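Student: could you look at this predicted model? Sequence included:
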Amino acid sequence: MSDIQDKIQDELKEARTVCDTEGSNSAECAAAWDAVEELQAEASHQRQSKPKNSLEKYCDENPDADECRVYDD
């Protein structure tokens, strides 16, 4: 999770730099802030993800186990 926070900080610095050089109404500035917004949304999504239960963890480690079989209808 700290990796995405580092990326957000890097993109924030980049967005500020771009907006200072290109102007706050430029397309480049808007695109830079869009990148920041997308990373923040992803970080929020990752925080909301529920942790895996014990069966899911078991199936990740043992995908061929009988308990982990998935049948198509």
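Tutor: Here it is on my side, so go on. Residues are numbered from 1 along each chain as shown.
Student: just want the most central residue of the protein.
Tutor: Taking C-alpha atoms, centre = their mean, the centroid of the chain lies closest to residue 42, which sits 3.1 Å from it.
Student: quick one: buried residues of whatever helix or strand that residue lives in?
Tutor: According to DSSP states H and E, residue 42 maps onto helix 27-48. Judged by neighbour count (16 or more other C-beta atoms under 10 Å), helix 27-48 contains these buried residues: 29, 32-33, 35-36, 39, 43. The C-beta positions use only the backbone N, C-alpha and C, and glycine is treated the same way.
Student: and what of stretch 54-73?
Tutor: Judged by neighbour count (16+ other C-beta under 10 Å), stretch 54-73 contains these buried residues: residue 59.
Student: try stretch 16-30
Tutor: Those would be 18-19, 29, for stretch 16-30 by 16+ other C-beta under 10 Å.
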